[in-house]
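*Asks:* just need the structure, nothing else, for what follows:
(chains A, B, C, D and E)
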Amino acid sequence: MITNAILILLLPLLAFTIQIFIGKRLPRKGDWVSTGAMFLAFFLAVPILIQALSSYDPNFKITQSWEWINFGAVNVTFGIHIDNLTAIMLIVVTLISSLIHLYSIGYMHDDPRYNRYFAYLSIFSFSMLGLILVDGFFGIYIFWELVGLSSYLLIGFWFEKNSAANAAKKAFITNRIGDVAMFAGILIIFTTLGVFNFEEVFRGIADGQLSGGLLTAAGILIFMGAVGKSAQFPLHVWLPDAMEGPTPVSALIHAATMVAAGVYMVGRTFVIYTADALLVIAYIGTITAFMAATIALVQKDIKRVLAYSTVSQLGFMMVGLGTGGYTAGLFHLITHAFFKALLFLGSGSVIHAVHSQEMDDMGGLRKKMPITFWTFLIGTLAISGVPPFSGFWSKDAILASALEFGMVNPTHMVIFVVTLLAAGMTGFYMLRAVYLTFGGEPRDKKKFDHAHESPLVMTIPLCVLALFAVGTIWWGWLEHLLTKPELSSYASSGVQVLEAGGGHPDVAHTAHKIAMFSSIAIAGLGILLSTLVYHWKKISAEAWGRRLKPIYTLFWNKYYFDELYGATVIAGTLFISKISSLFDMKVIDGFVNAVARITTRFAFGNGRFDIKIIDGMVNLVARVIGFFGAQLRTIQTGRVQNYILMALAAVVILFIIQQF
Amino acid sequence: MNPSEIIQNNINSLSYFLPELILTGMIVVLIIADLLLKKENSAWTSLLALGGLVIAFVAVLNQYDLGSRSIFNDMLAVDPFALYFKLLFLTSAAFVVLLSIGSVELAGRPVGEYFTLMTALTLGLFLMASATNLITIFISIEFVSVTSFILATYLKTRRRSSEAGLKYTIYGAFSSGLMLYGISILYGLTGTLDIYEIGTKLAASSANSLALLISIILMLAGFGYKLAAVPFHFWAPDVYEGAPTPITAFFSVGPKAAGFALLIRFFNVAFATEATNGEWAAIAGVNWSQLLAVVAAATMTLGNLVAIVQKNVKRLLAYSSIAHAGYALMGVVLLSDQGVYATLFYLVVYYLMNIGAFLVVIVVQDLVGSESIDDYKGLIWRAPLPAIAMGVFLFSLTGLPPTAGFIGKFYLFAALIKGGPGFYWLAVVAIINSVISLYYYARILKAMYFDQQDEKEPASLAVSPYYVVLLIALVVPTIFLGVYWAPLADLANYSVEFLRAL
Amino acid sequence: MNKVLTLITFLPMVGILLILLVPKNNKTLIRVLAATFTGLQVLIAVWIYINFDSGTTSMQFREQYKWIPSFNIEYFMGIDGLSVTMVLLTAFLSFICIFASWGINKGVKGYFAMFLLLDTGMMGVFCSLDFFLFYIFWEVMLLPMYFLIGIWGSPSRVEPDGKVRGGPYAAIKFFLYTLFGSVLMLIAMLVLYFNVDIDPNTPGIQHTFNMLHLMDQSLHTGVLNDFNVRLWVYAALFVGFAIKVPLFPFHTWLPDAHVEAPTAVSVILAGVLLKMGTYGMLRISFPMLPDAMKWEYFAYGLAILGVINIIYGAFCAMAQTDLKKLVAYSSISHMGIVLLGMSGLTSLGMNGAVMQMFNHGTGTAMLFLLVGVIYDRAHHRNIDGFGGLAVRMPIYTAAMSLAFFAGLGLPGLSSFMSEVFSFLGAFGSEMFNLKAITIISTIGIVLTAGYFLWTFQRMFLGELNPKYKDLPDINGRELFTIIPLGIIIIFLGIYPAPLLNLMKTSLNELVEVIKAADPILLGLQ
Amino acid sequence: MTVGLEHYLVLSAALFSLGLLAVITKKNAVTVLMGIELILNAANINFVAFARFIDTDLDGQIFAIFVIVTAAASAAVALAIVLNLYERLHSINLEEADSLAG
Amino acid sequence: MSLFDVIFYLFAAFTLASAALMVVSKNIVHSAVGLLFSFFGVAGIYVLLAADFLAVVQVLVYVGGILILLLFGVMLTQRITSVDMRTGTLQLVPAILAVAGIFVILFRVIRTTSWNIVPEAEAQFIPTAEKIGYLLMTDFLIPFEIVSVLLLAALIGAAFIARKGT
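*Replies:* Presented below is the predicted three-dimensional model:
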């Protein structure tokens, strides 16, 4: 299995290398290299999953590691770590990535940098697979950064567009901020425990070598990395902009790779989070889920709607993890990967057809693009949490977890309530997108006429993905395999105490029931509202928009986060940078130059020492005693005798100095 | 001693006086040769002078076998210390003779007197280096002064040379007067003219420090004028600028070194008592080493600061040579073998690089007809060899490895550091000065290497092979001594042993 | 081959002699000669690499002869894990720079002679084990550098605000700064010399410049037994080295020197010369005065200066519009990481720092080479004056992006490893609490990403500036200089062990030495 | 109080000072040279006085003789130089010899 | 006050007055005359100090040689009949200050120093010529010879400088 894992890792890297160096000269510009490598990886991943499933053991684990960097005192290893989560994620990533590769063959077919595109896809997949497979913080940080790089390359793929270039840069730098925090967290962990390896770190924490506030800090810092990658508040701003990349890339980023990385990482390192850290995670998730949902309500660009929906869903996942719903969070991650890939590819198909991302240019596409429509609808229902689609199960689990948490800790009930609201909004804005895109009459006749169903290479992936959006596929086994690690604080200390007081089984059961009903209800409500507004037109969106102008504006402008950051962080940085540069030029250099100038001035003084000072002295003396008579008035300067006088004076002075 | 012994001593001493006798004989030969030779053949006198110097050089080398002794009834000393300086004088004089042969400045002037006086000046320097009696000290200084006055005025039809000569004369005479007065007081305090006896007497008696102090300061005026040390340096820039360049080169080396020889011998013999391990203690009452330290600091600082604003290379080098006197003085103030040794070493190094720099000035003067820094622009493209040589000399003057100048500075700093924290401040001053000095040396470098030449200038200037040979002859040791200087260091080390030997 | 260090050091001198014999019009022969000799040097370096025993802390390939017996100055050469890395780097970069200098047409003979002299100086510094010898080589580097910047750098010009700038200005600035530093070093060296006594039978007589003896604390006598003096000596050495690094606030010579210098000289300057400073600290300051280094004010001072370098350098870089100046400031920033890594006195940090020295050497060399490439084509380096070059020059863009990403510490590229371990080392310091300082310095990671990406965007992304629609892509010779660097950057990014194995034994030993340093210190408090 | 050493010394000091004054203040080069002679005479008085009162070996007198002789030599040279300057400048006013400065 | 003392004071006053005249006089010829008298006064002092030979030398060399030389200089350069013979002064006040400083210092030194006066020497008045001649041929032979070379060099140099042409 380790061999398989290594091959899975190396295949995309190999594809990348081939593509970047000789891709241009290969037949079909080598799209088959990358795609083939990805499919191969998928087939290699299958046996791993099968093995995991066949053992059907929550503690299933295969690891192997090699010495990598040996400092003598410290030995950093590189290792592969396969457990159930890895096995599942491998399948998810390789499958979705393969499908997106396939889809891209159609979508990108006439791009001038076709080979480069596939190269980037490969490196992206490589980074993500590496992130899943490595066995320690050091490794995960490396691939973490590489994911950032890949996203930079792909988001900025159409770099001639300034907006794309900007978005790429923004994505990278925003991520870097999170990464630095994560790095700081790793610093704490490593310097306290002296190891990077997950297992050893977890063991160390279990032994209490790292605990208390420092552990909480480490946890929150590491989570900050996930905040960046998984676009959590307040570092979510890059994700919507990342829509500037080609749509399949968006699908890849939003579904299987980049944003999933954060959630995956939190799941992977779940045991290091203390109860306080988890609470932070939960709240960040809540805020993100709600805020993104509200923004999504008013977006006009189909991809932006999807983008904010992603942010919102990621918030859900974090809520799940933060409230102790380890399984729920990761479950949602997996289901979301499929239906979000489906949605993005579907929207890509639409965009491919109408050459526009604005929903105002669409409408009525249902007839022209039936496959796209139906698959997209499935995706929508899944994300909205309509049973029996996959999203329902996972989201329900999250809500249950949040409710359970709220019931145990009533002060934190707000998490559940807000999350529930966000879930309702999901139904609303997703259906809105469907109605605006596929329903009603075409708003742009010309674009509508040109529109056509996408080629098979694009629709097949849609169909495959739609299959996975059906929830029953995931039933049961996943929950069994992804059991909350025993070492996690909820499993061990914090909540158990609470649970002991509150009667744990009861709470869980009640919570589950309430959550299920409320989630169905709220999803239904959202869908209903959406239908009322956009299909039956019973309620005027414009009117309500006008009525709620301030809120609408706030949502439309994404809570002014970009502006806020622009005005504070970026402007501040640039300001300091300018100041530093000026400081460098004026003050430090100026100081040095001033010293030089003073020296020179002084030297000028001395340069005249022979001519001027003595002369001047004589002249001064002459002026003072000028009125003593004509004879003395004739005093003028004469050279040698000036010198002699000076020497004589020096003798006198030296004598006086020495005497005292 | 009875008269016959004294006479016998004088007769015996003659064999130890061979180099000086050779020079004296050469003076006579040159005078006669100048009379006999026709004008167009007068250039032969230069070769005669050179030959005399070479023979004297051999004679001096032979004296190394003789050990240390006093000759002519304690009037002069023949010891490694004096011999070291004598070798320095002879080689520098030989170089200056060589420079003079090619110099355009001196072309068409009578050479007989010139070389005669050069030889006489060298003789005077010899005496300065070996004088151990106040009379011989005074006479040798006068000897050097009088011949220098004439040589500075040698281009008598040129106003600058004439003026330089006059200033030198008046200032020199004045300084001699001061020194003489100081000597008279010293004589009055001790009742003897022999510096060793003076040392013994001063050490034995608790002489009045005030009288001793004024005597020392007045004598310092006389020595300081030879060293061109601040505040007795005033004559130097003017004279250096006005005098013929080869003579300037010699002034900046020969009399200066002789001044150091005298200063070191006289002060350490007369005003200090030897403690242990080659360390001296200044006589009670007058802390002249502190006095000299102040002079050293002032000298290097003023020399360097004023050099910064100079536009004439010759004048700039004049100020730089003032500064270097300050550096070399650092070794003297330490009252230790180590310090003297460093100074001796430095003087040789300084002589090489300074004569070298002046040689380049002469070459450029001949090629371009100017001493202004502006006319050095783009020299590297027009005349690479002089430019490169100047680079080497200037780097050496700055004190950068791998040139001899660095080793010289290194020894001085080493001596200072070894001397203990008392003179660390001087080391700091010297550091700052080293950095300042780079600034003006670099101005010449910048002009030569970095600045674009004026377009009207000819593309390339032909340097005569004669100068090429001379330049190489100076560049090579300047670099070589920066890489391997052990023989010179050993020689200098050996030469310090002058006090214990007599 | 027991004189291999002499060979590698003085081989360029042979080259100089031959070059001086070539008529000055035969430029190709001169270039070929320079390439040959630096190439041979690379071969010797490879030989050294192969034969180097990384398992021992002792000096290898020793050569020891009396030089100036009266001062006990020796010609003493030898390398350990610390120096061997620098020797490899120097040999390699020198070779590459000869090719980067192929286009020099003015005073070719002088240029290559100077370059080879510089090469000798650098090698000598890294190989010497006699402090005096070290100092000589140290200073020898100044001269060629001065001329290379002054003559072959950009000509003098008057800025709009009336200031005179250009090669000559930068050269003298460089010269004055470094001279000041080295004179201080000279004083410190002499204090060490006179207070280290190798013969206990004759106290105060037998002194030495032998670094191994100077490092032996048991031989320290005289004023060196006074901790305050040790601090002063340390400080003097520190300033000397800090100017070379260059550490804030001694750094202002660097941007000028870089901007005005020709490409190859910038490469050497950033690639090797800056390392002299940190090398000097590791070779001289730390082992000779370990207790002073251990003194917390100095350790904290070093770390804080490192952080200031990192962040301040990054901020300054961000404000630049001149690409070369930006890279120069990025060097300041990156050297700060070296300092930070060293200051914690941990095995990890020390190794990380030296790795960072090497990796910054290769990375920044690549950057400067690439800057040179674009400057040769566009004749300016104004970042805002380009745009969309990626379309026109894809290979160049790829190379530049590799260099930029290496600069911003992307995993998989060499400087990532060294930066991470520098930070880890500093953060994990057991002797000093550098945690807050390290955390602050990590801001530099973001800033670095910021200015590199911003620059990348402004130059390469977006619409192609129509002015440059005919700009040729990077050519074969230029690629030849860049590809090896790229390979090293990637290889060491993935597998740093070959580099690390060379140095770790020596560096870990150094850490132990400092840890074990006799705390004369305690007497002070 | 009978005349003793100190009287001679004071006389010498006064003469010395007068000589200095002449050297420093007189514009005429020849007068300056005269001032220098005064200085030398003052020193000679010292020597002779010390030879009389402190050292009976006549060393001081010998010294004075040498001073006189060298003074003659330098006076000759100095005058030649002054005459030469006169030929260049048509003046022996020291103020006018100021082209070398700085 | 003995006769000796009176003579001393007379000579001293004469010497100083003449010297002062030399310094103060604006006419260079007057200065020369003042210097002449001053030299004579010094010669007288030498006599008082029992330096008979030296007094003679003083008169012969100084008065007969140096002063005449100086006067020649005056004549040659001042064109005695037509041109102003006056000589100006400069930097008088600072000069007076500095010189006064020197004088004060010297005076203090003379007064405060305890000179090692040899007591029995006070009365001796022995002719010195023979002793000096002897010393010059024995102890001070080499300075004597050196001075002769010095004179030769000065002669050559002075002749060279003074003669016309280059």
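
*Asks:* pLDDT score for the residue in chain B positioned nearest to chain E?
*Replies:* Residue nearest to chain E within chain B (C-beta to the nearest C-beta): residue B:150, separated by 3.3 Å. All C-beta spots, glycine's among them, are computed from the backbone N, C-alpha and C. Model confidence at residue B:150, expressed as pLDDT, equals 92.

*Asks:* so it makes contact with residue B:116?
*Replies:* No: using C-beta atoms under 8 Å, residue B:150 is not in contact with residue B:116, being 10.0 Å away.

*Asks:* okay, the two: which has more neighbours?
*Replies:* Applying other C-beta atoms under 10 Å in any protein chain shown to residue B:150 and residue B:116 shows that residue B:150 carries more neighbours, namely 31 against 28.

*Asks:* quick one: what helix or strand has the residue in the stretch 151-300 of chain A positioned nearest to chain E in it?
*Replies:* In the stretch 151-300 of chain A, no residue comes nearer to chain E than residue A:180, which is 71.6 Å away by C-beta to the nearest C-beta. Element membership of residue A:180, judged by DSSP states H and E, is helix A:162-193.

*Asks:* pLDDT averaged over whichever helix or strand comes after that helix - what is it?
*Replies:* Proceeding C-terminally, helix A:162-193 gives way to helix A:198-206 as the next helix or strand, assigned by DSSP H and E. Helix A:198-206 shows a mean pLDDT of 83.

*Asks:* quick one: residues in contact with helix A:198-206.
*Replies:* If you take C-beta atoms under 8 Å, 6 or more residues apart in numbering or on different chains as the criterion, helix A:198-206 is touched by A:63, A:81, A:135-137, A:189, A:192-193, A:195, A:210-211, A:215, A:268-269, A:271-272, A:485, A:487.

*Asks:* which parts of that helix count as buried, going by neighbours?
*Replies:* Residues of helix A:198-206 classed as buried by neighbour count (16 or more other C-beta atoms under 10 Å in any protein chain shown): A:198, A:201, A:202, A:204, A:205.

*Asks:* how much space separates the first one from residue A:85?
*Replies:* Using C-beta to C-beta, to the nearest Å, we find residue A:198 at a distance of 11 Å from residue A:85.

*Asks:* cool, the last one as well?
*Replies:* From residue A:205 across to residue A:85, the span is 18 Å (C-beta to C-beta).

*Asks:* pretty sure the residue of the stretch 151-300 of chain A closest to chain E sits against residue C:442.
*Replies:* Yes: because the distance of 4.8 Å satisfies C-beta under 8 Å, residue A:180 is recorded as touching residue C:442.

*Asks:* after the lowest-mean-pLDDT helix or strand in chain E comes which helix or strand?
*Replies:* Lowest mean confidence among the helices and strands of chain E (mean pLDDT, DSSP states H and E): helix E:67-78, at a mean of 72. The C-terminal neighbour of helix E:67-78 among helices and strands, as given by DSSP H and E, is helix E:92-112.

*Asks:* is that next one up against chain D anywhere?
*Replies:* Yes: shown here: helix E:92-112 in contact with chain D (C-beta under 8 Å from any C-beta of the partner chain) through E:92, E:95, E:96, E:98, E:99, E:100, E:102, E:103, E:106, E:107, E:110, E:111.

*Asks:* tell me which of the residues you listed has the lowest pLDDT.
*Replies:* Across these, no position has a lower pLDDT than residue E:92, which has 79.

*Asks:* which residues touch the residue lying closest to that residue once chain neighbours are set aside?
*Replies:* Nearest residue to residue E:92, sequence neighbours excluded (C-beta to C-beta, 6 or more residues apart in numbering or on different chains): residue D:25, at 5.4 Å. Residue D:25 sits next to A:641, E:23, E:89, E:90, E:91, E:92, E:95 when contact means C-beta under 8 Å, 6+ apart.

*Asks:* please name the residues that touch residue B:376.
*Replies:* Residues in contact with residue B:376, defined by C-beta under 8 Å, 6+ apart, are B:313, B:364, B:368, B:444, B:447, B:448.

*Asks:* can you confirm whether the helix or strand where residue C:454 lies lies near chain A?
*Replies:* According to DSSP H and E, residue C:454 maps onto helix C:443-460. Yes: between helix C:443-460 and chain A, judged by C-beta under 8 Å from any C-beta, the touching residues are C:443, C:445, C:446, C:447, C:449, C:450, C:451, C:453, C:454, C:456, C:457, C:460.

*Asks:* I'd guessed the last one sits against residue C:386; true?
*Replies:* Just to be clear, that refers to residue C:460. Yes: at 7.5 Å, residue C:460 counts as touching residue C:386 under the criterion of C-beta under 8 Å.

*Asks:* thinking again about what came up before, most neighbours among the residues of helix C:443-460 next to chain A, please name it.
*Replies:* Greatest neighbour count in the residues of helix C:443-460 next to chain A, by other C-beta under 10 Å, goes to residue C:449: 28 neighbours.

*Asks:* could you identify the buried members of the contacts of residue B:376?
*Replies:* Restricting the contacts of residue B:376 to buried positions leaves B:313, B:364, B:368, B:444, B:447, B:448, with burial counted as 16+ other C-beta under 10 Å.
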